[in-house]
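>>> Test case, fold it:
(one chain, ligands or ions: 1)
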Amino acid sequence: AHRYAVFGHPIAHSLSPEIHQAFAAQLGIHLRYETIDVPPGEFEEAVRRFFAEGGLGANVTLPHKEAAFAMADERSEAAQRAGAANTLTALVGGKVQAHNTDGSGFVRDITERHSLDLRGHDALLLGAGGAAKAVAWALLDAGVQTLTIVNRTPERADALADAIGEPARCHTRYWDGLEGECFDLVVNATSIGIHGGTFDLPMSLLQDHSTCYDLSYGAAAASFKGWATAAGTRYFRDGLGMLVEQAADAFEHWHGQRPDTDPVYQTLRQRLG
Ligand code: ATR
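Below you'll find the predicted structure:
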């Protein structure tokens, strides 16, 4: 069978094998999809070995997305914008192509599954790491009116806004300088929830119709959901839909066919709550 894998550290609880196997079953494609746990210093060597042994494609998650981008010979525009890759493809002659489906998966989940038209929206992005970068570009592509980026380390937010280079539409604020602002959409792309921290933000950021979206899911999304609920959101979304959509975009990149994501999403949602 054709071999694929997801690389991460840790990776044992990854849902990617189940998602890709479900897509493959839908479309009658035979593949093997495994998890490979490697510590940061051994990532590139492990990917090259996997491809040399016949692996055709690799998904990449924390903490390897920047290393995946760095080792590639060819890079899609989405990967270049994020400076990170979640999808690596073996090319002839041992070369490697890097792609990133986090931004497209995020926008597909929010616009199609959750039926939110982003055009004309004022969006606030919390965070400026690899995940935030992919999402920032995707939000602007999807037509938000303004994008405000805040980050604990303000220099990283400024660097992202500079790279985007649309000062009329995309700008930064200090984390503690948000008093009096309000937004249609607030996206958490920080790892605060993963580390068990809490969100110190004004409740007045939200209006009645505002959506709060956390890129993480499960226990990691509880902290931001707690803030969003206290601030009165009626529309909280976690990142489970994005997980399935970014996998579908990687699947289509490799196999040239688009799977139906809804049944896979529903199965996971029922299990994970
Ligand atoms: P990823 O690739 O998942 O985006 P990352 O690059 O490590 O991971 O980014 C993590 C994000 O969470 C960053 O925006 C980080 O802020 P800094 O750039 O200041 O490090 C943010 N973050 C992590 N812990 C945080 C905390 N306790 N408070 C505020 N922001 C935090």
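
>>> Quick check: residues of the stretch 151-273 of the chain near the ligand?
Residues of the stretch 151-273 of the chain found near the ligand (CB under 6 Å from any ligand atom) are 151, 152, 153, 156, 189, 190, 191, 192, 195, 197. Glycine gets a C-beta too; all of them are placed from N, C-alpha and C.

>>> which ones are touching the third one?
Read it as residue 153. residue 128 (CB atoms under 8 Å, 6 or more residues apart in numbering).

>>> Next, count neighbours for residue 207.
Using other CB atoms under 10 Å, residue 207 has 12 other residues around it.

>>> Not counting sequence-adjacent ones, nearest residue to it?
Leaving aside its chain neighbours, residue 207 sits nearest to residue 182 (5.4 Å; criterion: CB to CB, 6 or more residues apart in numbering).

>>> and if you look at residue 178?
Going by CB to CB, 6+ apart, residue 178 has residue 202 as its nearest residue, at 5.8 Å.

>>> can you check residue 35 too?
Sequence neighbours aside, residue 11 is the residue nearest to residue 35 in space, at 4.6 Å (criterion: CB to CB, 6+ apart).

>>> Okay, that neighbour and the ligand: tell me how far apart.
15 Å (CB to the nearest ligand atom, to the nearest Å).

>>> doesn't residue 37 make contact with that residue?
Yes: using CB atoms under 8 Å, residue 11 is in contact with residue 37, at 4.7 Å.

>>> These two: which has the busier surroundings?
Taking neighbours as other CB under 10 Å, residue 11 and residue 37 compare with residue 11 leading, 20 against 14.

>>> residues contacting the residue most central in space within the chain?
Against the mean C-alpha coordinate of the chain, by CA atoms, centre = their mean, the closest residue is residue 102 at 3.6 Å. Neighbouring residues of residue 102 by CB under 8 Å, 6+ apart: 82, 84, 86, 131, 134, 135, 138, 242, 246.

>>> which pair in those residues spans the largest distance?
84 and 242 (15.1 Å; CB to CB).

>>> higher neighbour count, these two?
residue 242 (28 against 24).

>>> my read: the residue nearest to residue 178 touches residue 177, true?
No: if you go by CB under 8 Å, residue 202 and residue 177 don't touch, sitting 10.2 Å apart.

>>> is it true that residue 143 touches residue 118?
Yes: with contacts defined as CB under 8 Å, residue 143 counts as touching residue 118 at a distance of 5.6 Å.

>>> Please say which of the two ends up with more neighbours.
Applying other CB under 10 Å to residue 143 and residue 118 shows that residue 118 carries more neighbours, namely 20 against 13.

>>> Contacts only, for residue 197.
For residue 197, the contact set (CB under 8 Å, 6+ apart) comprises residue 223.

>>> go with 10 Å
Residue 197 sits next to 190, 191, 223, 224 when contact means CB atoms under 10 Å, 6 or more residues apart in numbering.

>>> Let me have those in TSV, adding pLDDT and distance to residue 31 as columns.
Shown next, in TSV, are these (pLDDT from 0 to 100; distance: CB to CB, whole Å):
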residue	pLDDT	distance to residue 31
190	97	34
191	95	31
223	98	36
224	98	34
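
>>> what's the burial count for residue 162?
11.

>>> and the helix or strand containing it, what does it pack onto?
Assigned by DSSP states H and E, residue 162 falls within helix 154-164. On a contact count with 3 or more CB pairs under 10 Å, 6 or more residues apart in numbering; DSSP states H and E, helix 154-164 meets strand 122-126, helix 130-141, strand 146-150, strand 170-172.
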